[in-house]
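1. 3D model of this:
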Amino acid sequence: MVKPIPRIGSRRNGRISSRKNGRRIPKGVIHVQASFNNTIVTVTDVGGRVVSWSSAGACGFKGTRRGTPFAAQTAAGNAIRTVVDQGMLRAEVMIKGPGLGRDAALRAIRRSGILLSFVRDVTPMPHNGCRPPKKRRV
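-> Below is the predicted model:
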């Protein structure tokens, strides 16, 4: 008979703690997406796998308050607090979008104590964009 493979988090084999906490990440990438309605902060390792994330909506801000700089600062602080515990020392920052939370999120990242190797603006810019609609006939 074939023995069943024990699950990682099952109580029977004694390993209850999750595997995520054991991973040490010395360097990562912090992505800040700041729209007018919300600010999303995602922390990834160098390979691009998401380690931690937070947004103004996930922090409890509702409606128009999600687009404020304070909400962005809170979201950035929440996302970074978990990766600092996992040992992140250096990070690159990629900021995307035109929202109000861009500068506030960057300020919160600098205050966390992580050394920033560079800050890059990756906001998509159209190279002449879409074709405009036809002129209206009167």
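2. okay, CA-based contacts and neighbour counts for the rest of this
-> Fine.
3. right, and A91 touches G113 too?
-> No. At 10.5 Å, A91 does not count as touching G113 under the criterion of C-alpha atoms under 8 Å.
4. ok, those two, which is more surrounded?
-> It is A91, of A91 and G113, that has more neighbours when counted by other C-alpha atoms under 10 Å, with 22 against 13.
5. Are we agreed that that one is in a strand?
-> Yes. For A91, which was evaluated using DSSP: H, G, I helix; E, B strand; the rest coil, the result is membership in a strand.
6. Bridged to it, which residues?
-> Going by DSSP bridges, A91 is paired in beta bridges with G28, L116.
7. Roughly how far does it sit from S112?
-> Using C-alpha to C-alpha, to the nearest Å, one obtains 11 Å as the distance from A91 to S112.
8. how close does G63 get to K27?
-> Applying C-alpha to C-alpha, one obtains 34 Å for the distance of G63 from K27.
9. just checking, what packs against the longest helix belonging to the chain?
-> Ranked by residue count, the top helix of the chain under DSSP state H comes out as helix 69-85. Helices and strands in packing contact with helix 69-85 are listed as strand 39-45, strand 50-55, helix 101-111; criterion 3 or more C-alpha pairs under 8 Å, 6 or more residues apart in numbering; DSSP states H and E.
10. and G63 and K27? which has more neighbours close in?
-> Set side by side, G63 and K27 show more neighbours around K27, with 19 against 9, by other C-alpha under 10 Å.
11. Correct me if wrong: the more buried one contacts G47.
-> No. Under the criterion of C-alpha under 8 Å, K27 lies out of contact with G47, with a separation of 10.2 Å.
12. where in the chain is pLDDT low?
-> Counting by pLDDT under 70, the chain contains low-confidence residues at 1-3, 5-22.
13. In it, which residue is most central in space?
-> Most central residue of the chain, judged by C-alpha distance to the mean C-alpha position with C-alpha atoms, centre = their mean, is T42 at 1.2 Å.
14. is that one in a bridge, and if so with what?
-> H31, W53.
15. hang on, it packs against G48?
-> No. In this structure, T42 sits apart from G48 without contact. The criterion is C-alpha under 8 Å, and the distance is 10.3 Å.
16. All set now, cheers.
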